[in-house]
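*Asks:* Everything below, folded, please.
(chains A, B, C and D)
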Number of protein chains: 2
Amino acid sequence: MAITLKEVAERAGVSRSAVSRTFTDGASVSEKMRRKVEKAARDLGYSPNALASSLTTGRTKLIGLISNNFHNPIFLEVFDLFTRGLQDRGLRPLLVNLSDETDPQASVRMLRQYSVDGAVVASSTLPPGFSKAFRDAGVPVVHSFGRYSSAPQVHVVGIDNVECGRMAARTLVARGYRKIAFLGGPESATSTQDRYSGFFSELGAHRGLTTSYSFADAYSFDAGRREMLRLLKSDPAEAYFCGDDVLSIGVLSAIADSGLRVPEDIGIIGLNDMEMARWENINLTTIHQPIRQIVTSSIELMVAMLDEPDRYPEARIFPCSIVERGTLRPVG
Amino acid sequence: MAITLKEVAERAGVSRSAVSRTFTDGASVSEKMRRKVEKAARDLGYSPNALASSLTTGRTKLIGLISNNFHNPIFLEVFDLFTRGLQDRGLRPLLVNLSDETDPQASVRMLRQYSVDGAVVASSTLPPGFSKAFRDAGVPVVHSFGRYSSAPQVHVVGIDNVECGRMAARTLVARGYRKIAFLGGPESATSTQDRYSGFFSELGAHRGLTTSYSFADAYSFDAGRREMLRLLKSDPAEAYFCGDDVLSIGVLSAIADSGLRVPEDIGIIGLNDMEMARWENINLTTIHQPIRQIVTSSIELMVAMLDEPDRYPEARIFPCSIVERGTLRPVG
DNA sequence: GCTAATTTTGCAACCGGTTGCAAAAGCTGA
DNA sequence: TCAGCTTTTGCAACCGGTTGCAAAATTAGC
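*Replies:* Predicted coordinates:
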């Protein structure tokens, strides 16, 4: 069906190598030859078969983009940034949805069958062992939104969740809240664990606080709402640091139902700063996670690894910052 | 780096064909041979190179998944359904983000370079000509969420937007609204045009109505909010049929700002029934678009086309239905 | 105009598989 | 045991490209 290099060669009356060379940059071809070949290629509507060439070059320019976050709207932004960034560098994202997949080996195997040049694991809820499975299989891997570690085993790009926890705690204390709670995402997620520990380590440095904590079972609206409805039944705290923004929105909706007001009766601070957080009817005070920078940096790291597969693993951590909106009472 | 068929053959002491055959089902291999080969393969950790085999079989099992909707949360649901559905059938989605791409030919070329077996165009805003470019290039294509046509040129799976417009109009009239407006998405989108024409053709059948219309420049929160803020300055209608849910949410936020109440002062009906529409703090009355069925059907159609590339094009249209929530006043 | 250095070109082998064909092996029945 | 038939196996060519190497063509230098 499709035109092959051989046909172009015949029409141009040159060897197959000549055609191949005009389509690989850096190869030695005379101007005359190039013109002849390009003419023939244009006439025939030829475009080279990337997969066939990958066989000899060992490069497919395919990058596995792996995630299990297909329900959190912030990941639409993440996918948008990743796909555009990869495309801009001539790389092609092969999307893998891990939502119901349990076995990391299965995806590793699949991505190896397709000879991906690398894999980006975009998730804060997948266990670190998952990305290690890729590394062990010899596939360059970047774990985006993964856990910060001082001795990373694979490349990690993300935020310091412990520090985010501290930041949330400082913010709440500074606003005079004394009865403070942590309403985390799923307890098994490393991001939840880290935020938890940062949050309470900071709170521990202050006197006279009443603290408590609980966990929603997903980073989702429903989970946040459900948990908050439960908490509201008995003596809620004055302010909550919530697992993420979408969970916060669920929490806000529960509070609204109960007749209490935000920020007058209860303060809420989220994390992520997803697009929706700035919507005027939500107006969530939250901690900004610089996803654009994280994605860009992940892609740069991946590109670097394509040239240097055994590159020593590093952790790239981006600072977060408070975005003041309307769900916490003002300072002082 | 990776183990090849040749190495397995040598270790098992058999020919390369034998190895190849044990890994292609339907091929003739004796039990004894199969066991020998599988043992060797297991020992070596071999898994066949899908791309190399595609060279001879002409099948890559790669499917281009093309969209320009990376800002509307409903498309996260769409991507989730597509990726899982394709994976379940052993197909691999190659994601293409068309957000800033202007030239259809570029993506056609790219997907042909990767020898995709087919392409799914998932968008209600891409022009029909776009999917035709794939068909003309000999790539099986399904246009999901595309325009219904009685003489489709490519396979289309979606809803009847004209009928949705009528349904919205009937619903508003039945609730006694007399001053009724259409607040569409981008005027260039076929979905907007069709909903517009259905909406006003139905309204035309009723006496004593005051009607008006305008367009937001995207299916987005900001666009909806901006347009509604403008409309609120001068004599707004009693009820609006909005382009889609996310746009409706922007509209709701504008109304809330103005001090008016929904549904008491203004009624709103959206379209899509995205997950967020049922969130308790949004609680949007809307027209349900059966995206799960659309995606499933698109995939089935794609699979069918892989066997029968010249299949006669058809349009698969799914009925929509009103989902009553809290943004329209009750009937009667 | 001739030789030497440099660039361009084609040959042929290879990447990792698949497959038509014919030979080899296994089975059946007498 | 052997002829005749079926199944299994290996050979070799092929899929659509790339690339090392040597021959051919061009350019430079004198």
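*Asks:* and A:Met1, what pLDDT?
*Replies:* pLDDT for A:Met1: 63.
*Asks:* What distance do you get for A:Asp194 to DNA strand C?
*Replies:* Going from A:Asp194 to DNA strand C by CB to the nearest atom of the strand, to the nearest Å gives 41 Å. No exception for glycine: its C-beta is placed from N, CA and C like everyone else's.
*Asks:* Do any residues in the lowest-mean-pLDDT helix or strand in chain A lie close to chain B?
*Replies:* Least confident helix or strand of chain A, by mean pLDDT, DSSP states H and E, is helix A:128-136 with a mean of 85. No - contact of helix A:128-136 with chain B (CB under 8 Å from any CB of the partner chain) is absent, the minimum separation being 11.0 Å.
*Asks:* Output that helix as PDB - backbone C-alpha positions only.
*Replies:* Only the C-alpha atoms of helix A:128-136 are listed here, as PDB (Å, rounded to 0.1, in the frame of the first residue of the first chain):
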ATOM      1  CA  PRO A 128       8.300   3.500  43.800                       C
ATOM      2  CA  GLY A 129       8.900  -0.200  43.000                       C
ATOM      3  CA  PHE A 130       6.900   0.300  39.900                       C
ATOM      4  CA  SER A 131       9.300   2.600  38.200                       C
ATOM      5  CA  LYS A 132      12.200   0.500  39.400                       C
ATOM      6  CA  ALA A 133      10.800  -2.400  37.300                       C
ATOM      7  CA  PHE A 134      11.500  -0.300  34.200                       C
ATOM      8  CA  ARG A 135      14.900   0.600  35.200                       C
ATOM      9  CA  ASP A 136      15.700  -3.100  35.900                       C
END
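*Asks:* May I see the buried residues of that helix?
*Replies:* A:Pro128, A:Phe130, A:Ser131, A:Ala133, A:Phe134, A:Arg135 (16 or more other CB atoms under 10 Å in any protein chain shown).
*Asks:* contacts for that helix?
*Replies:* A:104-105, A:108, A:111, A:119, A:121, A:140-141, A:143, A:146-147, A:149, A:153-154, A:190 (CB atoms under 8 Å, 6 or more residues apart in numbering or on different chains).
*Asks:* The residues you listed in helices, which ones?
*Replies:* A:Pro104, A:Gln105, A:Val108, A:Leu111, A:Thr190 (DSSP state H).
*Asks:* Find the nearest non-adjacent residue to the last one, please.
*Replies:* Going back to what we said before, that points to A:Thr190. Distances taken as CB to CB, 6 or more residues apart in numbering or on different chains place A:Arg147 nearest to A:Thr190, at 4.1 Å, with adjacent residues excluded.
*Asks:* wait, that neighbour sits on A:Ser191?
*Replies:* Yes - in this structure, A:Arg147 is within contact of A:Ser191 by CB atoms under 8 Å, at 7.2 Å.
*Asks:* Now A:Gln87: which helix or strand?
*Replies:* helix A:74-88 (DSSP states H and E).
*Asks:* In contact with A:Glu264, which residues are there?
*Replies:* A:Arg329.
*Asks:* Any figure for the gap between A:Pro330 and chain B?
*Replies:* Distance, A:Pro330 to chain B, by CB to the nearest CB, to the nearest Å: 21 Å.
*Asks:* need the contact list for that residue.
*Replies:* Contacts of A:Pro330 (CB under 8 Å, 6+ apart): A:Arg175.
*Asks:* quick one, phi psi at it?
*Replies:* Note on A:Pro330: backbone dihedrals following degrees, to the nearest 10 are phi -70, psi 160.
*Asks:* Kindly report the same for A:Ile63.
*Replies:* phi -120, psi 120.
*Asks:* For the most centrally placed residue in chain A, name its beta-bridge partners.
*Replies:* Taking CA atoms, centre = their mean, the centroid of chain A lies closest to A:Ala122, which sits 3.9 Å from it. Taking DSSP bridges as the rule, A:Ala122 bridges to A:Ser144.
*Asks:* just checking, next helix/strand downstream of the helix or strand containing A:Ser17?
*Replies:* Per DSSP H and E: A:Ser17 is located in helix A:16-23. Next along the chain after helix A:16-23, taking DSSP H and E as the criterion, comes helix A:31-44.
*Asks:* could you give the angle of that next one to helix A:16-23?
*Replies:* Taking axes from the mean of the first three to the mean of the last three CA atoms, to 10 degrees, helix A:31-44 and helix A:16-23 form an angle of 90 degrees between their directions.
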